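Participant: No sequence on hand, only this structure:
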């Protein structure tokens, strides 16, 4: 695959990712934020497998959700920008939003977005 110009990654001993060489989530996200003139300090990245590591490597605030794979947990040990939520999936993201982007409003609003009643 590398001779053909692709990078490969196995995540969670289950997922086989094939990407064009050099294309990763983290650098792509940084370029997108810059192109759209969006503030990096208001961005939260989230992940659960090794294919998300490049987002955590950006230095942006991040959350590794509770059902993350062990290899990702090991890879982010020294990442001070990553919160390790005990909650899986979307509950882990909500947990991180409440930690990173806490607002004065306690009526179901976080960073200007109304949460659905099922999450409250």
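Facilitator: Good, I have the coordinates. Note that the structure is a prediction, hence the values are computed from the model and not measured. Residues are numbered from 1 along each chain as shown.

Participant: So the residue most central in space within the chain: helix, strand or coil?
Facilitator: Residue closest to the mean C-alpha point of the chain, counted by C-alpha atoms, centre = their mean, is residue 46 at 2.1 Å. Assigned with DSSP: H, G, I helix; E, B strand; the rest coil, residue 46 falls in the strand class.

Participant: Verify the stated contact: residue 2 with residue 21.
Facilitator: Yes. Contact status for residue 2 versus residue 21: in contact at 7.4 Å, counting by C-beta atoms under 8 Å. Using the backbone N, CA and C atoms, a C-beta is placed for each residue, glycine as well.

Participant: Next up, the contacts around the residue nearest to the centre of the chain.
Facilitator: 52, 62, 63, 64, 65, 92, 93, 96 (C-beta atoms under 8 Å, 6 or more residues apart in numbering).

Participant: Could I get the pLDDT score of it?
Facilitator: Looking at residue 46, its pLDDT reads 97.

Participant: so how far is residue 56 from it?
Facilitator: Distance of residue 46 to residue 56, computed by C-beta to C-beta, to the nearest Å: 10 Å.
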